[in-house]
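Peer 1: Kindly generate the corresponding structure for this input.
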Amino acid sequence: MISDLARLIDIVHRDKSIPRDTLIEVIEDAMVAAARKRYSQERSFEAQYNEDLGEVELIEFKTVVDDVQDGNEEISLDEARHEDPGCQVGDELGFILRIEELGRIAAQTAKQVIIQRIRDAEREMTFNEFRDRKGELITGIVRRFEKGNIIVDLGRTEAVLKKREQVPTETYRQGDRIQAYVLDITRASRAPQVELSRTHPGLLMKLFELEVPEIDEGIVRIESCAREPGHRAKIAVSSMDRDVDPVGACVGLKGSRVQAVVQELRGEAIDIIPFHPDPARFIVYAIAPAQVSRVYIDELAHSMELIVPDDQLSKAIGRRGQNVRLAAQLTGWRIDIFSESRHSEIVDRARGELERIELLQKDQVDELIRHGYRSAQELYDAEAYEIAGILEISEDDAEDVVDAAEDLLDLLIREEAVRKEEAERVAAEAEAAGIDLEAGDAGDAGDAGDAGDAGDAGDAGDAGDAGDAGDAGDAALPPEADEALPAEADGLPPEA
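Peer 2: Below is the predicted model:
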């Protein structure tokens, strides 16, 4: 006949999937804790589960000595031989205690220990189960909402979909089914914390793995993925088999495979592009549907310049820069996009500046521009060996070019300073002229020349009726005001 304790162990083992040995160990530890609560923390107890009887036996151990110093841990030889006639000094004897003598308080202690240890075992099992599922898809039911976070029921435990991992365009109600990406799992005080995500690029990749058998079999491989959750995504794929089209495999018959992924992502647009090991070709595919005229690569700065036709610029950039951002994330390169007209302006300006360096020939200037050197400052900051390699000259000659660039840079700085001084002088003269106008009887420009707006220097000499206005302000106008009249002033209509 199975005892009540054995039946209880079997029920907990079946319902909570906790190993039977773990439950027995929990009960034994609880009985030892109860005995120490009842008697003393210093006494030596041991609990053993008897499989045959279905009961826990509580045993206290004492050491046999001639002279008892501590009654909790020692027993005299005479008393020990009443229990075991063959015992000797130094032996340890075990005495079975009656469980019923522990009392109500000790029983409550055992109950608390058992409950706590079972909870700990459940948490450990849950953690071990989901620890291996990190980076996978998981399906659950929306249970409740807490401070913007969504609590998802996974069956054995609950997961949290934090607000920052939610797609702004998606809404959920209690009881809805939700499929998410397992972002992380951490140990927490109450239960393991399973964190989910609907914005991670891994969600898109795992959905394609579910829908495309070729990806699961390793024939088609996802090289990279970029998302703006809820709006648009790009995914680059390659094929290990020359006879298998990776893009076609992901699209499916009449778009059935990609549409299943789009439906799960609730309408997020997906661009599937072929991967290419050549960065220039890859970037051209990634920036689609825009067409690219030329690509300039700066491997040192890990950046690219794309030159596109003028009518393709807005398409290449995309709505609010979406297309170029996704292309940059997908390829891992920094991307700058220029229209052909804008690029021509930049090149012309760069050519005009670099051609002022007398040591450089025209073809050398073009070569430097092609390699991204578009100002004297950039040329001055370059290393001599880099210039030597580009222009195919010696390093000494390259040093001379860098020195010439420094001289040109100093000249440009002086020219800029002169221009700035000239601009400040003109501004000061204009301000002084304005002060004189205010100091005279003309006062407000609108009042001085109501008939013909004589306050404005350009209008002060208008033909026709405006002549009176010019006389009204002669005392206050500067001498050069008459020279400022536009040539076409005589052709103004009378109502001016």
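Peer 1: Look up how far residue 49 lies from residue 56.
Peer 2: Here residue 56 is placed at a distance of 5 Å from residue 49 (CB to CB, to the nearest Å). C-beta here means a position set from N, CA and C on the backbone, and glycine is covered the same way.
Peer 1: do residue 197 as well
Peer 2: From residue 197 over to residue 49 the distance is 45 Å, taken as CB to CB.
Peer 1: ok, now residue 395?
Peer 2: Using CB to CB, one gets 85 Å for the distance from residue 395 to residue 49.
Peer 1: Ok, residue 138 next?
Peer 2: 37 Å.
Peer 1: Repeat that for residue 293.
Peer 2: On the measure of CB to CB, residue 293 and residue 49 end up 81 Å apart.
Peer 1: try residue 241
Peer 2: Residue 241 sits 59 Å away from residue 49 when distances are taken as CB to CB.
Peer 1: So between the two, which is more surrounded?
Peer 2: Relative neighbour count places residue 49 above the other of residue 241 and residue 49, with 19 against 13, counting by other CB atoms under 10 Å.
Peer 1: can you confirm that one is in a helix?
Peer 2: No: using DSSP: H, G, I helix; E, B strand; the rest coil, the assignment for residue 49 is strand, not a helix.
Peer 1: so what's it up against?
Peer 2: 24, 27-28, 55-57 (CB atoms under 8 Å, 6 or more residues apart in numbering).
Peer 1: ok, 6 Å please
Peer 2: Applying CB atoms under 6 Å, 6 or more residues apart in numbering to residue 49 gives the contacts 24, 56.
Peer 1: Dihedrals phi and psi, the residue nearest the centre of the chain?
Peer 2: Note on the chain: the residue nearest the mean C-alpha position is residue 200, at 8.7 Å, using CA atoms, centre = their mean. For residue 200, the backbone dihedrals (degrees, to the nearest 10) come out as phi -70, psi 140.
Peer 1: is the closest residue to it other than its chain neighbours in a bridge, and if so with what?
Peer 2: Of all residues not flanking residue 200 in the chain, residue 181 sits nearest, at 4.8 Å (CB to CB, 6 or more residues apart in numbering). Residue 181 forms beta bridges with residue 137, residue 197, as assigned by DSSP bridges.
Peer 1: Around residue 357, count how many other residues there are.
Peer 2: Applying other CB under 10 Å, we find 20 residues neighbouring residue 357.
Peer 1: now do residue 121
Peer 2: By other CB under 10 Å, 19 other residues sit near residue 121.
Peer 1: helix or strand for it, which one?
Peer 2: Assessed by DSSP states H and E, residue 121 sits inside helix 103-131.
Peer 1: Report the buried residues of stretch 217-233.
Peer 2: 219-220, 222-233 (16 or more other CB atoms under 10 Å).
Peer 1: JSON lines please, covering those and showing distance to residue 283, secondary structure and pLDDT.
Peer 2: Converted to JSON lines, those look like this (distance: CB to CB, whole Å; DSSP: H, G, I helix; E, B strand; the rest coil; pLDDT from 0 to 100):
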{"residue": "219", "distance to residue 283": "25", "secondary structure": "coil", "pLDDT": "92"}
{"residue": "220", "distance to residue 283": "21", "secondary structure": "strand", "pLDDT": "93"}
{"residue": "222", "distance to residue 283": "18", "secondary structure": "strand", "pLDDT": "93"}
{"residue": "223", "distance to residue 283": "13", "secondary structure": "strand", "pLDDT": "93"}
{"residue": "224", "distance to residue 283": "12", "secondary structure": "strand", "pLDDT": "92"}
{"residue": "225", "distance to residue 283": "16", "secondary structure": "strand", "pLDDT": "93"}
{"residue": "226", "distance to residue 283": "13", "secondary structure": "strand", "pLDDT": "93"}
{"residue": "227", "distance to residue 283": "18", "secondary structure": "strand", "pLDDT": "92"}
{"residue": "228", "distance to residue 283": "18", "secondary structure": "strand", "pLDDT": "91"}
{"residue": "229", "distance to residue 283": "23", "secondary structure": "coil", "pLDDT": "91"}
{"residue": "230", "distance to residue 283": "25", "secondary structure": "coil", "pLDDT": "89"}
{"residue": "231", "distance to residue 283": "21", "secondary structure": "coil", "pLDDT": "91"}
{"residue": "232", "distance to residue 283": "17", "secondary structure": "strand", "pLDDT": "91"}
{"residue": "233", "distance to residue 283": "17", "secondary structure": "strand", "pLDDT": "92"}
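Peer 1: Which of the residues you listed sits closest to residue 98?
Peer 2: The shortest approach to residue 98 among the buried residues of stretch 217-233 belongs to residue 229, at 65.5 Å (CB to CB).
Peer 1: Enumerate every residue touching the closest one.
Peer 2: Residues in contact with residue 229, defined by CB under 6 Å, 6+ apart, are 167, 199.
Peer 1: Residues contacting stretch 294-301, please?
Peer 2: By CB under 6 Å, 6+ apart, the surrounding residues in contact with stretch 294-301 are 280, 304-307, 372.
Peer 1: buried subset of those?
Peer 2: 304-307, 372.
Peer 1: and those, which of them are in strands?
Peer 2: Secondary structure from DSSP state E places 304-307 of the buried ones among the contacts of stretch 294-301 in strands.
Peer 1: Would you mind giving those as JSON lines with pLDDT and distance to residue 427 added?
Peer 2: JSON lines is the format used below for these (pLDDT from 0 to 100; distance: CB to CB, whole Å):
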{"residue": "304", "pLDDT": "88", "distance to residue 427": "42"}
{"residue": "305", "pLDDT": "86", "distance to residue 427": "37"}
{"residue": "306", "pLDDT": "90", "distance to residue 427": "40"}
{"residue": "307", "pLDDT": "89", "distance to residue 427": "39"}
